[in-house]
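Trainee: Provided below for reference: sequence and predicted model.
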Amino acid sequence: MPRLVSHPDEVIVLKRRFGQGATKIDRYIELDGYAAVQKAIAQGAEAMPGWIIDIMKASGLRGRGGAGFPTGLKWSFVPKTSAKPKYVLVNGDESEPGTCKDHVLFREDPHAVIEGAMIAGLAIGAKMGFIYLRGEYRYLLNIMERAVADAYARGFLGKNIFGSGIDFDIITQTGAGAYEVGEESALMESLEGKRGVPRIRPPFPAVVGLYGGPTIINNAETIANVPHILLMGGEAYARLGTERNGGTRLFGISGHVERPGVYELPMGYPLRKAIYEVAGGIRDGKQLKAVVPGGASCPVLRADEIDIGLDFDQLAKAGSMLGSGGIVVLDETVSIVEFALRTIQFYQHESCGWCIPCREGTDWIKKTLTRVYEGGGARKDIDTVQYIAENMMGRTFCPFGDAAAMPTLGFVKKFRKEFEEYIEGKKAGTPVMTKEHDLVEIL
Amino acid sequence: MSTIANSIFSPELAARFDKLAARYPVKRSALIPMLLYAQDEVGYVSEAVIHEVAQRLDLIDLEVRSVLSYYSMLRTKPAGKYNMQVCTNISCMLRGGYEILDHCKKRLGIENKQTTPDGQFSLEEVECIGDCCSAPAMQVNYEFHNELTPAKVDEILNEYAAKDGK
């Protein structure tokens, strides 16, 4: 289990109840728990949905799963009336390598996820919510199930919640090991008891989603922010961050830093400070080589590119992404060739196989990089890798193809010289994988 | 009372499955949780498990097989009593994940995806398990262990071995 960490530069919104025993419902209530949902209900059935969505829009909250879509806007796409039931789906399938923030959230504040899902349901007129955790998080499912049972026992869930006349139920479950299921349409397939392959869009889930009904799908961290935002006000939350990037965010800093951990920092916080101050700098006095700023699918930044603020727009401008907020720090000992290979091994393993450019592209890149890594590479292999990756982009049902292609392109473009030198026999860094590590499993 | 006569599952699990199938708007949604819980009890997803789960959800066996083959945590062969799942994905790799995997291989005398002859331990190199900020990490069945060193792995292995010996 990840240990709790703190730093004076943190701005605490979401972590407010962490380490406070808030898994217990009484303690959660003491700490303003279930106050936000009651505040929403107090607006009256007529005004409530608009009131919630306006606050969410004003908050500038953008999806914490990776894509950074404005939450209030997403909710406003759900049609007011629908022949089919509407649903709220909380995505806790956290699987992006380098990301463990929802892990800490589920463990420390499960009721915030429940309360956020209830509010989302009230905003769009859904009567049922699902909280889907990754299969590896069984102990967290147990915590969530306990919290849900406690909320039912108090009458907070079920029929006529808080005297509103509205019913709301929550179902929790886990997946069974599949990165792709973190993608929203694959997640719905999985929840319907199928293979987790993506659906073509449009129609978008807000119109045709789970069981064909209008559905909003939000990352667990996004949802857990909702009660806090309702209590503090949308504008107050927005002011904590930067323009169009409201609030704070959980950043999981891992890799070669002195103090790895999940820190809550305001949006726009300088990446350099996050690495050198918050996370204590590079381990063992080594030099920084590169940073993967938002989980494995985000293009790498070189050490000279870290004077940048951590928000969606600044990272996009720099040619990368803020992604899931998983900052992976690489020191000078890392072989980029090896790191790139390990990254594509992951995507090759996890590609669901539905779209040919992704299924074949990840396999082809993996084979080519394996050949380079094992010393049999030629210069043209670097061009081949780049060519394949460029041709995967935008040619798949879901963003997985891009998620595999983008980091690959980042490595070969930004560290081309290192690849060339590697091929010529001058290998930078200290490799940690050896041949017997199933590298050639599929060759 | 279970809806299935002669269930292969314990009465507790059979009762749980009855509830699971009923709670979703569409029964089939219970498929993945059912396969996981069945695997927890039986040790793996056997032919008999596939058949009964299919029956419970009004599916044909093939549909269950199709879903089963997609998810990496579901297995059709038994694993060791304690399944060591060592993460070597990027955050763990940077902090010694491969060293931990190597150490497990040496200590257990088995390779990746193998089981010790006594059936006690199996070893699996896995992708990111979501404990990146405390890397390197592994799971033994569903339990997380992190900030691993070879010495810490030895302690953990001894603890599980002792549990088994009692």
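Mentor: Received it, and whenever you're ready, just let me know what you need.

Trainee: wait, residue B:131 touches residue A:94, no?
Mentor: No - at 10.6 Å, residue B:131 does not count as touching residue A:94 under the criterion of CB atoms under 8 Å. (C-beta placed from N, C-alpha, C; glycine too.)

Trainee: so these two - more neighbours on which side?
Mentor: residue A:94 (28 against 25; other CB atoms under 10 Å in any protein chain shown).

Trainee: sec struct for the more buried one, please.
Mentor: Assigned with DSSP: H, G, I helix; E, B strand; the rest coil, residue A:94 falls in the coil class.

Trainee: how far away is it from chain B?
Mentor: 5 Å (CB to the nearest CB, to the nearest Å).

Trainee: mind listing what the spatially closest residue to that residue that is not a sequence neighbour touches?
Mentor: Once flanking residues are discounted, residue A:94 sits nearest to residue A:102: 4.2 Å by CB to CB, 6 or more residues apart in numbering or on different chains. By CB atoms under 8 Å, 6 or more residues apart in numbering or on different chains, residue A:102 lies in contact with A:92, A:94, A:219-221, B:130.

Trainee: quick one: which of the residues you listed is nearest residue A:247?
Mentor: residue A:221 (10.7 Å; CB to CB).

Trainee: next, give phi and psi for the closest one.
Mentor: Torsion angles at residue A:221 (phi, psi; degrees, to the nearest 10) stand at phi -70, psi -40.

Trainee: repeat for the one 10 residues further on
Mentor: Note on residue A:231: backbone dihedrals following degrees, to the nearest 10 are phi -80, psi -40.

Trainee: just checking, it touches residue A:40?
Mentor: No - counting by CB under 8 Å, residue A:231 sits too far from residue A:40 to count as a contact (10.3 Å).

Trainee: show me which of those two is the more surrounded one.
Mentor: More crowded of residue A:231 and residue A:40, by other CB under 10 Å: residue A:40, with 25 against 14.

Trainee: point me to the residue of the stretch 301-443 of chain A nearest chain B.
Mentor: residue A:432 (4.9 Å; CB to the nearest CB).

Trainee: so that residue belongs to a strand, correct?
Mentor: No - remark: residue A:432 does not belong to a strand; assigned using three-state DSSP, it is coil.

Trainee: that one: neighbouring residues, count only.
Mentor: Neighbourhood size, residue A:432 [other CB under 10 Å]: 21.

Trainee: now residue B:110
Mentor: Counted with other CB under 10 Å, residue B:110 comes out at 18.

Trainee: doesn't it lie inside a strand?
Mentor: No - going by three-state DSSP, the assignment for residue B:110 is coil, not a strand.

Trainee: any idea how far it is from residue A:405?
Mentor: 36 Å (CB to CB, to the nearest Å).

Trainee: over to residue B:48?
Mentor: The value you get for residue B:48 to residue A:405, if CB to CB is used, is 43 Å.

Trainee: looking at those two, which is more packed in?
Mentor: Per other CB under 10 Å, whichever of residue B:48 and residue A:405 has more neighbours is residue A:405, with 30 against 13.

Trainee: spit out the contact partners of that one.
Mentor: So, once contact is read as CB under 8 Å, 6+ apart, residue A:405 ends up touching A:361, A:388-390, A:392-393.
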